[in-house]
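In: Sequence first, predicted model second:
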Amino acid sequence: MKRVKYYYDAEKLAFKQIVTKNSTKIGYAFLFLFASALFGFLCFFILSNTSFFETPKSKLQARELEIMKQNYNLLNRKIALMDEGLSAIEQRDNNLYRVYFNSTAISNEERRAGLGGVNRYKDLEDFNNSDLIIGSSKKVDEIMKAMAIQSVSLDEITKLAKQKANLLKAIPAIQPVKNEELRQMASGFGYRSDPFTKIRKFHKGMDFSAKTGTPIYATGDGIVRKADASLSGYGNHIEINHGYGYLTLYAHLSKYKVKAGQKVKRGDIIGYVGSTGRSEAPHLHYEVHKNGEVVNPLNFYYGSISAQEYVLISKLANQENQSLD
C-alpha cells in the first residue's frame with residue numbers, strides 16, 4: 001500500500017495531504033537518470049584504466065607498447081656501444097695520428113657540439129614515451145655528426161700520411177757515391193783551405209774523391225732542375241728539386257745520365273764523377289739546400305750507411321783540410 005504523506009497547516013490548524021505535482025515527478029526522474037548515467041560513466045572510466053577491466057585490444061596495445069620499450073632500451077644499449085667505439089677512434093685520432101703528423105687536435109666541444117636551430121624534436125613531443133624517443137634521437141644525431149667530423153679528420157690524416165710518405169722519399173737520405181767506390185772523403189762542410197788561392201773560405205758541401213766515371217746516385221726522389229755547366233766553377237753539374245724545400249747539387253761531373261725535367265728516384269744513377277770546372281782532381285762536390293740555405297749533407301746520410309761508417313765519415317768530414325774545388 002502506497003504511503004500517504006501529510007503536512008501541518010498552521011493557519012488552519014489541521015493536517016493536509018502532500019500532493020506531488022507531475023512536473024516535479026518528471027524532474028526527479030530526470031535527475032535520477034542523470035545521476036545514474038554519471039555514476040555509470042565514472043565507474044566505466046575507473047574500470048577501463050585499471051587492470052581489472054581490459055579488452056583484448058587494450059591488452060594487445062599494452063603488449064606492443066612494452067615490446068617497443070624493450071626495443072628502445074636495446075637500441076640505446078647499441079647506441080652506447082657505438083658511441084664508446086667512436087670515442088676510442090676519436091682519442092686515437094687526437095693522441096696518435098695527429099700527434100705523429102704534427103696536426104692540431106680536434107676538441108671534444110667541436111666533435112660533440114649539439115645541433116642548433118629550431119626544435120628538431122617537436123614532432124616527438126606529447127607522447128607517453130616522448131622522453132625515451134627524444135633521448136634516443138638526440139644521441140643518434142650526436143653520433144652521426146661526430147662520425148661526419150671523424151670522417152673528414154681521417155681523410156685529412158690519409159692526405160697527411162701520403163704527404164709524409166712522399167716527404168720521406170724526397171729527403172736526400174743517402175750518399176751520392178757508394179762507400180766501396182770512394183777513394184776517400186776529401187773535404188767536408190764548413191771552412192776549408194781553397195786549393196787554388198790557399199785562402200780559408202766556406203765550403204758549401206762535401207767532396208767525395210773517386211776515379212773518373214764512378215756512378216753518382218740521386219739521394220732522394222725529385223725532378224732534375226738542370227743538367228748543364230751554367231754555374232761558374234762547378235763545371236758539369238746537376239740540380240735536383242726534391243720538393244718540401246729540398247734541393248741537391250752534384251758538381252764537376254764527367255758526363256750526365258739525366259736531363260732537365262726528368263723525374264728520378266732515390267738510388268738512380270744521374271751522372272758520373274769527373275773533374276770539370278774549378279777542380280783540382282776527380283771528385284764529386286755535393287751540396288744540400290733546405291729552403292734556400294745550404295746545410296751540412298752529413299746530417300742526411302742515415303739511409304745508406306751504418307752507425308760506425310757514419311762516425312768515421314763524420315771525423316773525416318770535420319777535419320779542416322784543403323778542399324778539391
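Out: Happy to help now that I have it.
In: got the contact list for Gly271?
Out: By C-beta atoms under 8 Å, 6 or more residues apart in numbering, the contact list for Gly271 reads Ile216, Ala227, Asn236, Ile238, Tyr250, Leu253, Ser254, Lys255, Tyr256, Lys257, Val258. No exception for glycine: its C-beta is placed from N, CA and C like everyone else's.
In: so which of these comes closest to Gly40?
Out: Val258 (105.3 Å; C-beta to C-beta).
In: Do you have the helices of this protein handy? List them.
Out: Secondary structure of the chain (DSSP state H): helices located at 22-48, 56-92, 98-100, 108-111, 130-170, 307-317.
In: need those in JSON lines with distance to Glu287 and mean pLDDT, can you?
Out: Below are the helices of the chain laid out as JSON lines (distance: least, C-beta to C-beta, whole Å; pLDDT from 0 to 100):
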{"stretch": "helix 22-48", "distance to Glu287": "96", "mean pLDDT": "73"}
{"stretch": "helix 56-92", "distance to Glu287": "41", "mean pLDDT": "79"}
{"stretch": "helix 98-100", "distance to Glu287": "31", "mean pLDDT": "77"}
{"stretch": "helix 108-111", "distance to Glu287": "45", "mean pLDDT": "82"}
{"stretch": "helix 130-170", "distance to Glu287": "16", "mean pLDDT": "84"}
{"stretch": "helix 307-317", "distance to Glu287": "13", "mean pLDDT": "63"}
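In: And Tyr100, how close does it get to Asn299?
Out: 22 Å (C-beta to C-beta, to the nearest Å).
In: Ok, Gly271 next?
Out: Note on Gly271: its distance to Asn299, by C-beta to C-beta, is 23 Å.
In: likewise Ile133?
Out: For Ile133, the distance to Asn299 equals 63 Å [C-beta to C-beta].
In: Which one of those two is surrounded by more residues?
Out: Using other C-beta atoms under 10 Å as the criterion, Ile133 and Asn299 rank with Ile133 on top: 16 against 12.
In: Hmm, that one is touching Asn71, no?
Out: No: between Ile133 and Asn71 there is no contact under C-beta atoms under 8 Å: 11.3 Å.
In: Okay, buried residues for stretch 260-276 please.
Out: Judged by neighbour count using 16 or more other C-beta atoms under 10 Å, the buried positions of stretch 260-276 are Val264, Arg266, Asp268, Ile270, Gly271, Tyr272, Val273, Gly274, Ser275, Thr276.
In: Mind checking which of those residues land in strands?
Out: Among the buried residues of stretch 260-276, DSSP state E puts Val264, Ile270, Gly271, Tyr272, Val273 in strands.
In: Please list all residues in contact with the second one.
Out: Yep, that's Ile270 we're talking about. Under the criterion of C-beta under 8 Å, 6+ apart, the neighbours of Ile270 are Ile216, Tyr217, Ala218, Val224, Ile238, Ile240, Tyr250, Tyr256, Lys257, Val258, Val264.
In: I'd guessed the third one sits against Gln262; true?
Out: No: applying C-beta under 8 Å as the test, Ala218 and Gln262 come out as separate, 10.2 Å apart.
In: how about the contacts of Gly271, which pair is most distant?
Out: Applying C-beta to C-beta across those, the maximum distance is between Ser254 and Val258, 14.1 Å.
In: Break this protein down into its structural domains.
Out: Domain assignment for the chain by the TED database gives 6-49, 58-170, 179-318.
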